[in-house]
Structures are given as C-alpha cells and as structure tokens.
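**Q** Sequence and computational prediction follow.
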Amino acid sequence: MAVVQSSLLYVAVVAALLASAHADIYMHNPRGSNNALNENNVNRNNANRLFDSQNNGKGGYRIGENLETPVDLASIENQPNKYDVLGRMEFIEGSELPLEWTNQHGCGDNPKVDCEIVWQYMCSRRDKAASALSDFDPPAVMTDGVTTGNNGQANPPQTGLHESTEYYNQCKTRERNKGLFIADQDLRDSRGRNKARNTRQNPNGNRYGNECPEERDYYPYWHPSPWRDVAVLVSNNRFTESVRQYYQQESQNVKAKGYCTVAQYNRKETCEANSGTWAEEPAHGIAKPMVELAPLTRDNHLGNSINGQASMYNWTVPLASEACGAPDDMNGCELCVLRVRYNISIGDYDGWNTYHQEKGPKFTCSVTRDPPLDTESACTGAGGTWQLNWKYNGDPNVVDSPVVQNPVLDVGSNAGLRLALNTAQTGRVFEDRTHIFKIAPRSAYGLPKDCVRDMGTGRLNCAAKVYNINVRGKRGNIVQVYPAVEYDFVPARVDVRRGDFVHFQWTGSNRNPNGNDGEGRRGTDRSNVVMLKGPKHSFPASLEEQMSSKMTYFDVSSLFALKNEAKKYATNNKSNVDPLLNNATPYFNAGIKQITGAVGTYHYMCTRNNNFTNRSQKGAINVVA
C-alpha cells in the first residue's frame with residue numbers, strides 16, 4: 001500500500017510530529033504511576049507494565065493504601081473489599097478536580113517548541129454485560145495488577161489491565177498507517193514491521209501492557225479507541241480556530257471511527273477487496289473536548305509554570321452516565337483511569353504538510369485533479385496545499401528525508417560537526433497515567449442531581465459546586481523525590497463561595513524508599529489538616545482558638561464549626577492518634593464540607609510534613625461573597 005486515502009492521511013500527518021528530546025511528563029494530581037506499582041525501591045521495576053511512558057524510571061507514585069502497613073496486593077485482588085483496603089481516590093460527579101503535572105521541554109507560549117498536551121480518561125462500562133463489550137471497549141474489569149512483573153515484559157492482567165486484550169490483538173494484527181512520516185526508520189514489510197504496533201518511535205513493536213503503539217503516538221486517532229477526550233492543550237502558534245475545530249471534530253467523543261471486520265486491513269478499500277466489511281464503532285456520545293492554550297513552561301526545566309505554580313488544568317469530573325454508562329441508581333464508575341500525553345515537535349519540516357509515500361514525486365498537491373496538479377502555482381490556485389512528500393524506497397541506506405540519524409554536517413567551517421539526533425525520537429510522545437480511581441455519584445455524598453451539560457461549550461454546570469482538595473507528592477527531600485515532588489496541598493489556594501462544598505481527600509503509600517527523609521515511620525506517606533493563624537506561621541491554632549474569635553490574623557475564626565470536626569481532619573479520624581500519625585493510614589476521605597463561614601481566607605497546614613525536609617505543606621480556602 002503506497003498511499004492511504006487522503007482524509008486518513010491528513011489526520012495522520014497533523015498529529016504526527018511529537019517530541020525530539022527526552023522530554024518527560026509526570027502527573028502529580030491525581031498521582032501518576034509512571035508504570036510503578038508497589039515496589040519500594042527508587043526506580044520502577046518494569047517500564048512495560050501498562051503503557052509506554054518514555055519517562056525517567058525514577059518518576060511516579062506508588063499505588064495508594066488504606067492500611068497502616070503495606071498491602072499485599074495478591075491477597076486482596078479477588079476480595080470484595082479490595083478497594084476498602086487500597087487507597088483508591090474517588091471524585092464526585094461534577095466536582096472540580098485540578099489536574100497538575102510537570103513537563104520538561106516547554107509548552108504554551110514558548111517560541112522554541114510546538115506542543116500538545118492531551119488529557120483522556122476511560123472507565124469500565126457499567127451499561128454493558130461482558131459478553132456485549134466490543135473489542136474497542138475498556139475491559140469489564142480494569143485492574144492495577146498484583147505484581148510489577150519483569151522489566152521489559154507485559155503480562156496482563158497480573159501486571160495490570162487498562163485496555164482490553166482484544167483491543168491489543170486488533171492493534172497487533174492491523175496494518176500500520178503507511179502514510180505516516182517515518183524519517184529513516186526501517187519499517188519495511190520484509191522486516192515484519194508492518195503492523196500498528198510498529199511506529200517510528202517503536203519500530204520493533206515492543207509491547208507495553210495492552211496499549212496500541214500507533215494510537216499512543218498519534219492524535220487524534222483514526223481507528224476506534226476506548227479513551228475519552230477531556231482536553232487538548234496546545235502551544236501558542238497552534239492555538240487557532242481551525243486547529244480547535246479540527247481536534248474537536250475528529251475526537252471520538254463526537255465522531256464514529258471505522259475498522260475492518262477482517263482485522264488485518266486498515267482501509268475501507270482493502271478491507272472490502274478482501275471479503276471484509278468496513279464497520280464503524282459509534283462515537284462515545286459525549287461532549288467535545290476542550291481545546292485551550294497550554295500553560296507556559298520553559299524548556300530544560302521540570303518545574304513550575306511562569307506564575308510560580310505547577311501547570312494545572314481544572315477538570316470538571318463527568319457524570320457517571322457519560323463516563324461508563326452507569327444509570328442513576330448505580331454506584332457510579334468504580335474503575336477509571338486518567339492519562340496525559342505530551343507531544344512536542346521541531347521546526348525542521350512542516351508537520352502539517354509532510355507525509356510518507358514509498359514512491360512518487362517529492363511534492364504533491366492535497367487537491368486531486370485529472371490531470372494532476374503538478375506545480376505549486378496550479379495547486380495553490382486550486383485551493384490546495386503543496387505538500388512535501390519524503391520518499392523512502394525500503395532501503396534504510398537510501399533515504400530522502402529532512403532528518404537522518406546522527407548526521408555529520410559541514411556548516412561552512414570545512415569541518416564535519418555531528419548532531420545528536422535520533423529519528424525514532426524526532427517527533428516523540430511521553431505519557432503518564434493514574435492508578436485506578438472511582439467517579440462517585442452525587443447521591444453518595446447527599447448532593448442533588450443538579451448538573452447540566454452545555455453541549456455547545458462542552459462544559460458541565462452544577463448548581464452545588466464541589467472543589468476537590470488533595471495532597472500531591474511523596475516522602476523525601478527534593479533530590480530524593482525528583483522527578484516527583486514534595487508534599488503540598490492541591491490546589492494550594494482555592495476560591496469558593498458561601499454554600500459551595502470542599503472535598504478533602506488524599507492517598508499515599510507505605511512503600512516509599514526507606515532511605516527517604518521525613519517524619520514518622522520510614523517509607524510512609526501521611527497528612528492531616530489543622531488550622532493555621534496565617535500563611536507565614538508554623539504553629540497551628542489550638543482548638544480553643546479555632547472555636548473563638550481569637551484568630552485575629554485574618555477576618556474569620558475557623559474553617560470548622562465543631563471541635564469534633566476539627567479533630568477528624570487533624571487526626572485522620574483516629575481516636576488515639578500517634579503524634580506523627582504513624583497509626584493513621586495513607587488514605588483519608590473527609591467527605592464533603594459545606595462552606596458556611598464568613599467571607600475571608602482560611603489557612604491550614606499539615607503538622608507532620610511542615611519541617612525542614614518539606615517546609616511548607618500549607619493551603620488556603622478563600623471564601624468570597
């Protein structure tokens with residue numbers, strides 16, 4: 001197959017250019033796994049466990065736990081109380097959840113890079129029996145797994161199961177899209193590199209869980225996918241109306257995707273010529289994704305955005321009926337996962353108008369005419385684009401490509417200068433995913449079903465607003481935890497109205513590296529909330545002060561109206577708490593609290609982690625009129 005059909009080709013090209021350097025991305029809220037599970041060593045055990053992150057092996061947070069001591073995952077895997085033991089986070093339908101991350105090589109209004117940051121989620125379906133699931137649905141039972149497995153090997157479901165095995169089998173059987181730009185990477189059919197698991201970034205077709213490498217490397221994808229789009233955050237030069245419309249219109253949220261009933265074939269013509277039927281997987285039937293400008297970050301810096309805060313996108317958690325098809329009388333979506341992909345590209349060729357063809361002229365026109373439009377003026381005069389067509393004749397030593405592996409160039413100095421350039425990474429994707437979480441129905445927290453989706457803007461509007469307040473980071477000093485982060489509350493400050501709700505909840509692990517600095521029992525994450533007199537203070541307010549008007553450092557007395565309520569947050573709901581919270585659990589869910597206090601700013605802190613290893617685990621709730 002020399003050329004893919006033009007519409008499919010366009011989809012492929014637009015999203016084909018990703019990162020050219022080692023540009024990691026890490027999720028901090030909710031906690032990203034980076035393929036780690038429950039190992040207590042510094043690095044993850046298995047980079048192939050669930051997905052292809054391309055990130056540093058030191059990154060990632062261990063799975064949450066709801067016991068004082070480490071959880072034996074194998075012993076609870078088939079138990080009905082599994083998620084009572086695991087510190088699984090649950091986010092209420094319609095609540096505001098801050099998605100927080102760091103990316104290494106810049107984005108947003110940064111003139112050195114073109115980028116996209118793509119947020120997606122999927123949940124196991126509740127409206128379908130297992131026998132009724134298609135090959136492109138999430139599996140009936142997603143799991144984080146019970147073992148990390150051996151490095152370089154994926155063994156679902158023991159090592160975890162996000163995408164279904166049927167989905168992966170479709171991918172490894174289906175022909176790859178041969179219109180994608182591949183530079184000088186050797187993807188010849190004769191090498192057996194002709195499937196959707198073989199891409200320029202993954203030419204050997206290595207397996208990472210049940211992820212499909214072609215779907216992972218390109219967005220928006222042209223075949224069905226179980227992932228539902230949340231948002232596409234783009235760099236400044238791509239933040240145009242045409243780009244916004246393109247990403248929204250091509251999203252499977254709103255557009256059906258085609259496939260062949262004979263899994264080998266990836267095009268309608270070849271499918272039907274080989275006794276197959278070209279079928280369509282329906283659109284997810286949910287709102288189109290948001291397309292917004294990405295936060296400004298600088299290159300070579302895995303840290304905060306320009307405003308001194310971490311990069312963040314506020315996600316309104318979808319209704320369970322949207323996320324997994326759960327009707328109103330069910331328990332929400334029990335098994336969900338969120339992923340982020342970070343794509344950056346270079347400017348050495350036009351990523352929107354460069355594609356691959358095995359034979360043909362160096363330039364072609366995007367508009368088809370008979371006879372062909374074979375000059376640039378004729379093409380542009382007909383409203384077409386004069387496209388660069390980089391040839392590759394099957395011989396990796398004979399390549400006509402704008403980029404080649406480690407080229408030695410004479411820039412006019414009469415001396416060869418070598419560039420460090422890996423064409424498998426010239427255009428590269430980085431990824432992170434959460435551990436499994438739950439989308440809880442509003443009724444489980446006594447909230448009314450008062451959310452309405454505006455299909456025009458895509459936004460979910462709820463009369464009773466709920467704001468999630470979580471804890472990011474893990475035990476250790478800044479060097480020990482890097483590229484993760486130290487403890488802090490997320491968001492560090494939130495503006496709410498009287499009558500709104502806040503939902504304090506966090507999770508952590510008992511399996512951090514034992515050598516990491518911190519208070520309390522080695523290897524453990526613990527947090528709490530006590531009122532603080534002001535943001536520069538390190539001594540919390542006493543319960544007596546909190547219940548009176550003695551809090552003269554700001555306009556209000558206390559976030560808590562009752563001593564018992566204040567004690568619950570301070571001690572993780574323990575009656576006889578250890579001073580360092582050792583007998584508390586890493587997971588804590590305070591439920592929702594309605595804001596009824598006076599207008600003003602309420603400051604709070606964690607007593608255990610506010611030390612010289614992590615000196616400022618503090619937060620603030622600003623109540624506005």
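**A** Arrived safely, thanks for sending. Quick caveat: nothing in here was measured; it's all calculated off a predicted structure.
**Q** all contacts plus neighbour counts: C-alpha atoms, from now on.
**A** Fine.
**Q** Tell me where the stretch 251-400 of the chain has helices.
**A** For the stretch 251-400 of the chain, the helices defined by DSSP state H, counting those that start in this stretch occupy 268-273, 320-323, 376-381.
**Q** what's the answer for the chain, then?
**A** For the chain, the helices defined by DSSP state H occupy 6-14, 73-76, 82-85, 165-173, 213-217, 241-250, 268-273, 320-323, 376-381, 478-481, 543-546, 563-571.
**Q** thinking again about what came up before, identify whichever of the helices of the stretch 251-400 of the chain lies nearest to Asn461.
**A** Relative to Asn461, the nearest member of these by C-alpha to C-alpha is helix 320-323, separated by 14.1 Å.
**Q** Tell me the gap between the closest one and the middle of its chain.
**A** From the chain centre to the centre of helix 320-323 is a distance of 19 Å (C-alpha atoms, centre = their mean, to the nearest Å).
**Q** Of the helices of the stretch 251-400 of the chain, which is nearest His223?
**A** His223 lies closest, by C-alpha to C-alpha, to one member of the helices of the stretch 251-400 of the chain: helix 268-273, at 11.7 Å.
**Q** Who are the packing partners of the closest one?
**A** Other elements packing on helix 268-273 under the criterion 3 or more C-alpha pairs under 8 Å, 6 or more residues apart in numbering; DSSP states H and E are strand 257-260, strand 278-281.
**Q** Select the longest strand from the chain.
**A** In the chain, assigned by DSSP state E, the strand with the most residues is strand 333-345.
**Q** Direction included, what does that strand pair against?
**A** For strand 333-345, the paired strands and their directions (DSSP bridges) read strand 114-123 (antiparallel), strand 428-433 (antiparallel), strand 437-440 (antiparallel).
**Q** gap between Leu161 and Tyr61?
**A** Distance from Leu161 to Tyr61, counting by C-alpha to C-alpha, to the nearest Å: 18 Å.
**Q** still on that earlier bit, quick one: the helices of the chain as JSON lines, columns for mean neighbour count too.
**A** Shown next, in JSON lines, are the helices of the chain (neighbours: other C-alpha atoms under 10 Å):
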{"stretch": "helix 6-14", "mean neighbour count": "18"}
{"stretch": "helix 73-76", "mean neighbour count": "14"}
{"stretch": "helix 82-85", "mean neighbour count": "16"}
{"stretch": "helix 165-173", "mean neighbour count": "20"}
{"stretch": "helix 213-217", "mean neighbour count": "22"}
{"stretch": "helix 241-250", "mean neighbour count": "16"}
{"stretch": "helix 268-273", "mean neighbour count": "15"}
{"stretch": "helix 320-323", "mean neighbour count": "21"}
{"stretch": "helix 376-381", "mean neighbour count": "15"}
{"stretch": "helix 478-481", "mean neighbour count": "17"}
{"stretch": "helix 543-546", "mean neighbour count": "17"}
{"stretch": "helix 563-571", "mean neighbour count": "17"}
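**Q** shaky segments in the stretch 351-500 of the chain?
**A** Along the stretch 351-500 of the chain, the model assigns pLDDT under 70 to residues 352-362, 388-400.
**Q** before we move on, what about the chain?
**A** Within the chain, the segments meeting pLDDT under 70 span 1-23, 352-362, 388-400, 545-558, 612-614.
**Q** Tally up the residues packed near the residue nearest to Ile63 when sequence neighbours are not counted, please.
**A** Excluding the flanking residues, the one nearest Ile63 by C-alpha to C-alpha, 6 or more residues apart in numbering is Leu37, at 5.5 Å. Neighbour count of Leu37, defined by other C-alpha atoms under 10 Å: 26.
**Q** OK, contacts around Leu37?
**A** Neighbouring residues of Leu37 by C-alpha atoms under 8 Å, 6 or more residues apart in numbering: 44, 61-63, 144, 147-148.
**Q** Show me where the stretch 501-625 of the chain has its strands.
**A** Ranges of strands in the stretch 501-625 of the chain, per DSSP state E, counting those that start in this stretch, are 501-506, 530-532, 588-594, 600-605, 618-624.
**Q** so of the ones you listed, which one's packed in deepest?
**A** Stretch with highest mean neighbour count among the strands of the stretch 501-625 of the chain: strand 530-532 (a mean of 26; mean count of other C-alpha atoms under 10 Å).
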